[in-house]
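Engineer: Build me a model:
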Amino acid sequence: MRQHDLSVWAMPFTGKKPNSLQIEEFIIERIQARAVQPCEGIPSHRTLARLNKVNRNTALRAYTKLIATGWLTHSKGSNACVADPLPSDSKKSRPPAMPEMLPLVPVPNRFYQRHPEINNRQGFISLGLPFIDKVYWPEKIVSKYIREFSRNSTDASSLPKHNDNDAKPLQAAILQQLNLRSFNIRTEHLMVIRGRSESMRAVFKALCAPSDTVINTSPSDFLINAVLQECGLKIAWLNAVEHDFIAQLEETVAKKRITAIYLRPNCSYPECRSLDEASCFRLVELAKKYQFYIIEEDDDHEFWWGRFPFRPLVQYGHGGFVVHIAALSRVSPYMQNLRTVVAPAQLIRTLKAIPNTCYGFRDFSEEKAIARLLVNSELLWFSRQAKAAKQKDLKNLNELLQLQLGEYLSYDLPESGTALWIRFPAKLDLVSIIELLKNDGHLIRSEIHKGKPEQSIHYMRLDFGRFDLRDCRQVAIKLRSILKKRIR
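Structural biologist: Model (predicted):
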């Protein structure tokens, strides 16, 4: 990185806009004026804050937003650099606009008819919780915002009833953030629904007729299975992590009429695998060719471990065949349960026409506070803090497992998400081993996902969303002594 003349980075603050916004606009102006070239480093946020006598966190917030919007890039251990290409350089990378109409005429799902389910589940045991440590949620800031709204409002906005005016601030803020992530959508393409099962149930009922066939790539997900069964759909099964998944899918849809496929391309459940870009492209092309919908779910868009975040399927030229359902954020349980549905305007209108469209309890005071966090880029900053902490946890967990248990297990580091899919020797039964650990006094939260009754379980999904290195080390040492006795 060349030495900068810091005088050109001195900013004339006006006080008419927030300092973080002025820093963003100033850096963009410097980049557009070619004062710095693509791939060239810029002064660190600490240097810029010191030079302009502003709070360091204010400068960091501006840098974080510029990285998220594609003006800057950043890798661990180095300063931020100017992105290449820049968002303003070309419109080629801009995804096609979301269609207004659905490509297929939906048949309303008005009755339930349960079909027998084929058990193709992979047996495994799940350890840990799919939630992030509470320390990354700015509870004091949210409480402050809620108090402000309470003083300015005479109505009880937290009552469990739907009010369009109460929901608008959050929807507008989410729309802004999604378009910063290159979603290229408008208000009519977005809906916010409280509840994962509620959002999935609404979408499948709106798109599928009774007895339609849907491919489920997560048969171990009890919630998805329950939703598909409740909607009276026939369920086919494919494993999205198989190397020939796309070939298997094409063979299936060529022989049989399929209405939709459900999958998590960013981080599959339970295997924690991501689809590569070529497979994503072929999947979207198959959907257009054979006329089936892709229901894409994404809970892990904040937690990616490569240089660039995963590109969701809805950003490909899908012609209306992709419906994107995602958690707003995993920084708090409330936001994790708020689902953003991105789809053609026709489907959004259908969802809004469903009775009781306000699924679940909505705390509109908290949602207004979340909207302010989004607009001020504060949520982006806190989610980046959580991501950095989880990246450190992943590194520590990997080192611990390799040191204590490396000879007994195998796994691949995930490209995104906060879980590991671990393979133990086939002759082991993890259920009995976990019971031994619990009887020894270790506090372990576990859930058994049974495959076929006669099969022993030797796969483990280990979630490090809430991670304590000391407790994990103690369990690993004890587990090593157990495995050493059983494997000789």
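Engineer: ok, residues contacting stretch 34-47?
Structural biologist: 1-2, 4, 6, 8-9, 27, 30, 51, 56, 59-60, 62-63, 72, 78-86 (CB atoms under 8 Å, 6 or more residues apart in numbering). Every residue, glycine included, has its C-beta placed from N, CA and C.
Engineer: now the helices: where do they sit in the stretch 251-400 of the chain?
Structural biologist: 277-290, 333-336, 345-353, 364-375, 378-405 (DSSP state H, counting those that start in this stretch).
Engineer: Going through the contacts of stretch 34-47, which ones are buried?
Structural biologist: With neighbours counted by 16 or more other CB atoms under 10 Å, the contacts of stretch 34-47 contain buried members at W9, I27, A59, L60, A62, Y63, L72, N79, A80, C81, V82, A83.
Engineer: Check the gap between the second one and S20 for me.
Structural biologist: In other words, I27. 11 Å (CB to CB, to the nearest Å).
Engineer: overlap in contacts of the two?
Structural biologist: A62.
Engineer: Would you confirm that M191 belongs to a strand?
Structural biologist: Yes - M191 sits within a strand when classified using DSSP: H, G, I helix; E, B strand; the rest coil.
Engineer: check contacts around it.
Structural biologist: Q171, T340, V341, A343, I348, L351, K352.
Engineer: Which one (most neighbours) among those residues?
Structural biologist: A343 (28 neighbours; other CB atoms under 10 Å).
Engineer: Let's see which of the contacts of stretch 34-47 end up in strands.
Structural biologist: L72, C81, V82 (DSSP state E).
Engineer: Is the second one in contact with L72, as I believe?
Structural biologist: Yes - counting by CB atoms under 8 Å, C81 touches L72, with 6.6 Å between them.
Engineer: got the helices of the stretch 251-400 of the chain as JSON lines, with distance to V253 and mean pLDDT columns?
Structural biologist: Formatted as JSON lines, those follow (distance: least, CB to CB, whole Å; pLDDT from 0 to 100):
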{"stretch": "helix 277-290", "distance to V253": "4", "mean pLDDT": "94"}
{"stretch": "helix 333-336", "distance to V253": "32", "mean pLDDT": "92"}
{"stretch": "helix 345-353", "distance to V253": "21", "mean pLDDT": "93"}
{"stretch": "helix 364-375", "distance to V253": "38", "mean pLDDT": "90"}
{"stretch": "helix 378-405", "distance to V253": "36", "mean pLDDT": "92"}
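Engineer: got a markdown table for the contacts of M191, with distance to Y290 too?
Structural biologist: Below are these laid out as a markdown table (distance: CB to CB, whole Å):
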| residue | distance to Y290 |
| --- | --- |
| Q171 | 33 |
| T340 | 27 |
| V341 | 23 |
| A343 | 19 |
| I348 | 24 |
| L351 | 25 |
| K352 | 29 |
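Engineer: Which residue is the nearest non-sequential neighbour of L233?
Structural biologist: V214 (4.8 Å; CB to CB, 6 or more residues apart in numbering).
Engineer: Run through the bridge partners of the one you found.
Structural biologist: I235, A260 (DSSP bridges).
Engineer: What separation do you get for it and I444?
Structural biologist: In terms of CB to CB, V214 sits 35 Å off from I444.
Engineer: more crowded one of these two?
Structural biologist: A count of neighbours by other CB under 10 Å puts V214 above the other of V214 and I444, at 23 against 14.
Engineer: coming back round to it: how about CSV for the ones in strands among the contacts of stretch 34-47, with pLDDT added?
Structural biologist: Putting the ones in strands among the contacts of stretch 34-47 into CSV (pLDDT from 0 to 100) gives the following:
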residue, pLDDT
L72, 88
C81, 88
V82, 88
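Engineer: I'd like these as a markdown table, with distance to D429 appended.
Structural biologist: Formatted as a markdown table, the ones in strands among the contacts of stretch 34-47 follow (distance: CB to CB, whole Å):
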| residue | distance to D429 |
| --- | --- |
| L72 | 50 |
| C81 | 50 |
| V82 | 54 |
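Engineer: Okay, strands next: where are they in this structure?
Structural biologist: 72-73, 81-82, 124-127, 190-194, 213-216, 234-237, 260-263, 293-298, 322-327, 338-342, 410-411, 419-423, 446-449, 459-463.
Engineer: Could you dump these into TSV and include distance to D471?
Structural biologist: Formatted as TSV, those follow (distance: least, CB to CB, whole Å):
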stretch	distance to D471
strand 72-73	36
strand 81-82	39
strand 124-127	12
strand 190-194	33
strand 213-216	35
strand 234-237	36
strand 260-263	34
strand 293-298	30
strand 322-327	26
strand 338-342	30
strand 410-411	20
strand 419-423	16
strand 446-449	14
strand 459-463	13
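Engineer: tilt between the lowest-mean-pLDDT helix or strand in the chain and helix 364-375?
Structural biologist: Within the chain, no helix or strand scores below helix 139-152, which has a mean of 83 by mean pLDDT, DSSP states H and E. Counting by axes from the mean of the first three to the mean of the last three CA atoms, to 10 degrees, helix 139-152 lies at 120 degrees to helix 364-375.
Engineer: In helix 139-152, which residues are buried?
Structural biologist: I141, V142, Y145, I146, F149.
Engineer: Which of the contacts of stretch 34-47 fall within helices?
Structural biologist: Assigned to helices by DSSP state H, the following of these qualify: I27, R30, L51, R56, A59, L60, A62, Y63.
Engineer: wait, which of the residues you listed is closest to L394?
Structural biologist: Lowest distance from L394 to the ones in helices among the contacts of stretch 34-47 (CB to CB) belongs to L60, with 22.4 Å.
Engineer: Name all residues that make contact with the closest one.
Structural biologist: Here L60 is in contact with H45, A49, W381 (criterion: CB under 8 Å, 6+ apart).
Engineer: let's see 6 Å
Structural biologist: With contact set as CB atoms under 6 Å, 6 or more residues apart in numbering, L60 has these partners: H45.
Engineer: now do G123
Structural biologist: With CB under 6 Å, 6+ apart, G123 has these contacts: K450, G451, Q455, I457.
Engineer: From the residues you listed, list just the buried residues.
Structural biologist: G451, I457.
Engineer: any chance of the contacts of G123 in CSV, plus distance to V284?
Structural biologist: Listed next are the contacts of G123 as CSV, based on distance: CB to CB, whole Å:
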residue, distance to V284
K450, 34
G451, 31
Q455, 35
I457, 35
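Engineer: Lowest-confidence one in the contacts of G123?
Structural biologist: Within those, pLDDT reaches its minimum at G451, with 70.
Engineer: Return the distance of that one relative to G465.
Structural biologist: 24 Å.
Engineer: Per the annotation, how does this protein divide into domains?
Structural biologist: 6-82, 131-380, 381-486 (automatic domain parsing).
Engineer: first vs last residue of the shortest one, how far apart are they?
Structural biologist: Okay, so that is domain 6-82. 17 Å (CA to CA, to the nearest Å).
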